[in-house]
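Visitor: 3D model of this:
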Amino acid sequence: MVDLRNISAALIMTMGLIGHGWASSPPDVEARLGSAVERLEAGGQWHHAIGKLLVVLDDADMGSDVQIGAIKALVEYGDGSVVSPLLRIAVAGDGKVRTLVLESLPSLRGMDPTRAMADGFSGASPDIQIPLLAIIGAREPEVALPLLFEALESEEADVRNKALAAISGRTDRDSILSIAKLLNDPGNIDVDLLREAATDLRRELYREAAPAKLGFAHLLSYHLAESDKERGEALSLLSTNYVQEAIPVIQEALQNPSLADAAVPPAIIAGNHLLQLGQGESAVGFIGAAANAAGRPVPTGDTVSEAMAFLHHGWVTGPLRADTFEAGWEKAWAGEPDLDAIDPPKSPDLGWVPFDASASGGTIDLIAMHGQEDHCFAYAFLLFEMDEAGPATLRIGSDDGVIAWLNGEKVHENRVMRGLIIDNDHAPVTLKEGENRLLLKISQGTAGWGYSVRLTTPDGFPLAATQESVK
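Guide: This is a model prediction of the structure:
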């Protein structure tokens, strides 16, 4: 059983060294302080231990081993409540104490210590503010960013420069969007400094070179642009490295006659991405705005799936199993690739079942049709007609893998285990005028099982086909 009185006495005894005029205390003072705190903490007396350490901090000789030990123990065991006393000692102390405090503060992690450091920033001298900026500037954006932007307004050039360096090193999403917003409405912040910080940040994002980072770099380029030509170039780059956070910029550009042409490609990408996210109405609106700007037919339909050119009608059959799962991929149960011979109403052997997915958002749930099955396959057979021949993109979502044949030719294969996401795969195809015949083979490992399929133009606009209900 822990004897709190003895532990407390040990800590007080160590503190008692202060009252004996020791210019320097025994070499084990730090270990004695730390051991006492650990034992108090183990006995549920953490607040007691921290309180006594704060007394040591204030009453010890400045720069003594006892005070140094208290600083290290407070940083090791403390929370946000110890930041203000430590900063006070840093201001009052010599270079050795100040350096120790400022080098130790990064060890205090979490939101409370970060807020406490931010609270102490305004009243600190520049020689304290600069290292605080380096610490806080890498912390949580909701605390760091307001402080960094405040520091950009400092009268001290070194403080402003440190804030710029901290901002340019923050490549997280919230920081980038905050800077982009300020570029549009800088308030009292020096615009030149803000642009310099944004430019440095953009350079860092380009250096990291990850697709999302590049997208954010292009977004900053749009906000930094000083002409429609530069904004148009940024929009073109967003087509290559799209980020969802660019949607407001793309919407704005679609309304600007000087930028509308450049905004169409990223708008198509944005609309199709919104569809994947389940935001169908927004997707149709975005694609419609892009179609208007491009002078293309605006998607129409009674439902989102009709407007976005999903193929709703066809037949499915399954579950089908071979000796092994891999053998199932190779077995041609439906006679593929000869799709002309497929006639579901006259093929009772395979048990083709007609379906209508117009009310399900365009996705087909094969478990709803066949029940929960594992390690098997199903086919979907679809007929549709086109007014004219031409290139198109077959956009397929599948759970799990899929093979697609169009008019007797294999046009896509992806043997994977995955969940269904609309437009998982894109397959370039050439459609015939009149009737087109599409066969999909969908694998099932475990859990979910289904697919979706729709048609778009090569540049991503929905491509309407005519289908007759087969039910």
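
Visitor: so where's the stretch 101-250 of the chain shaky on pLDDT?
Guide: Across the stretch 101-250 of the chain, nothing is flagged by pLDDT under 70.

Visitor: how long is stretch 163-183 end to end?
Guide: Start-to-end span of stretch 163-183 (Cα to Cα, to the nearest Å) is 16 Å.

Visitor: Need the contact partners of it.
Guide: 133-134, 136-138, 141-142, 144-145, 148-149, 151-152, 154, 189, 193-198, 200-201, 203-205, 208, 213, 216, 219-220, 223-224, 245 (Cβ atoms under 8 Å, 6 or more residues apart in numbering). To be clear about C-beta, it is placed using only N, CA and C from the backbone, and glycine gets the same treatment.

Visitor: Out of those, which sit inside strands?
Guide: Assignment to strands by DSSP state E places none of the contacts of stretch 163-183 there.

Visitor: Filter those down to the buried ones.
Guide: 133-134, 136-137, 141, 144-145, 148-149, 151-152, 154, 189, 193-198, 201, 204-205, 213, 216, 219-220, 223-224 (16 or more other Cβ atoms under 10 Å).

Visitor: In a strand, Leu440, correct?
Guide: Yes: under DSSP: H, G, I helix; E, B strand; the rest coil, Leu440 sits within a strand.

Visitor: shift numbering so it begins at 41
Guide: Yep, numbering from 41; the last one is Leu480 now.

Visitor: Just give the number of residues close to the closest residue to it other than its chain neighbours.
Guide: Closest residue to Leu480 apart from its sequence neighbours, by Cβ to Cβ, 6 or more residues apart in numbering: Ala420 at 4.4 Å. The tally of other residues near Ala420 (other Cβ atoms under 10 Å) stands at 27.

Visitor: same for the host helix or strand of Ala420, what does it pack against?
Guide: Counting by DSSP states H and E, the element that carries Ala420 is strand 416-426. In this structure, strand 416-426 packs against strand 353-360, helix 365-370, strand 474-484, strand 490-496, with contacts taken as 3 or more Cβ pairs under 8 Å, 6 or more residues apart in numbering; DSSP states H and E.

Visitor: And the contacts of the shortest one?
Guide: So that's helix 365-370. With contact meaning Cβ under 8 Å, 6+ apart, helix 365-370 is reached by 360-362, 415-417, 441, 443, 455, 481, 483, 485.

Visitor: what residues are up against the residue nearest to Leu480?
Guide: 354-356, 404, 479-480, 482, 491, 493.

Visitor: Tell me the one of those residues nearest Phe424?
Guide: Gly354 (8.8 Å; Cβ to Cβ).

Visitor: returning to what we had before: so of the buried ones among the contacts of stretch 203-223, which ones are in helices?
Guide: Among those, the members found in helices (DSSP state H) are 173-174, 176, 181, 184-185, 188-189, 191, 233-238, 241, 244-245, 253, 256, 259-260, 263-264.
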